[in-house]
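# Can you look at this prediction? I've put the sequence above it.
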Amino acid sequence: MTAFPKRLLWWGVALMILGALAHIVSTSAALQSSIISEPVGNSWYFWAFSPTLIIIQNAAFPLGAALIGASLVIRYLKQSQSALPQQQTERDEPYNNC
């Protein structure tokens, strides 16, 4: 695998892990803030922390999956492109002998 598709694959995996970690942190922070019965304690979570984690979750999973898919497509296209000249020369050989 060449460097660019491999880099895309690792970025995609890292974003998927980041999305999973954001989901875990979001769930645990929500549980912790629900245990605190003070309205002041909940406000920092609901106004600052929760929207940030939701944005990370909603962006990291689709972007990570798209990068993983793009790396696989680029790898496939590069492999088929490198095999293309060999296939064309094999098809052209009978015509060159005439």
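Right, received. Where do you want to start?
# make it CA atoms for all contacts and neighbour counts henceforth
Will do.
# Burial check on residue 19, number of neighbours?
When counting by other C-alpha atoms under 10 Å, one arrives at 24 neighbours for residue 19.
# hang on, it packs against residue 63?
No: at 9.8 Å, residue 19 does not count as touching residue 63 under the criterion of C-alpha atoms under 8 Å.
# what is the mean pLDDT for the strand or helix carrying residue 51?
Secondary-structure element containing residue 51, defined by DSSP states H and E: helix 50-96. In this model, helix 50-96 has an average pLDDT of 81.
# What is that helix packed up against?
Counting by 3 or more C-alpha pairs under 8 Å, 6 or more residues apart in numbering; DSSP states H and E, the packing neighbours recorded for helix 50-96 are helix 3-35.
# residues of the helix it packs on that come out buried?
5-6, 8-13, 15-16, 18-20, 22-23, 26, 30, 33 (16 or more other C-alpha atoms under 10 Å).
# now swap in stretch 53-70 and tell me
In stretch 53-70, counting by 16+ other C-alpha under 10 Å, buried: 53, 56, 57, 60, 61, 63, 64, 65, 67, 68, 69, 70.
# give the contact list for the second one.
Applying C-alpha atoms under 8 Å, 6 or more residues apart in numbering, we find residue 56 in contact with 18, 19, 22.
# Next one: it from residue 47, what distance?
15 Å (C-alpha to C-alpha, to the nearest Å).
# Can you tell me the centre-most residue of the protein?
Nearest residue to the geometric centre of the chain (C-alpha atoms, centre = their mean): residue 64, 1.1 Å.
# For that residue, which non-adjacent residue is closest in space?
Leaving aside its sequence neighbours, residue 64 sits nearest to residue 12 (C-alpha to C-alpha, 6 or more residues apart in numbering; 3.8 Å).
# For that neighbour, give me its contacts.
63, 64, 65, 66, 67, 68.
# shouldn't the second one be in contact with residue 10?
No: using C-alpha under 8 Å, residue 64 is not in contact with residue 10, being 9.1 Å away.
# Tell me if I'm right that residue 14 and residue 67 touch.
No: here residue 14 lies out of contact with residue 67, judged by C-alpha under 8 Å, at a distance of 10.2 Å.
# how far off helix 3-35 does the helix holding residue 51 point, in degrees?
Following axes from the mean of the first three to the mean of the last three C-alpha atoms, to 10 degrees, one obtains 160 degrees for the angle between helix 50-96 and helix 3-35.
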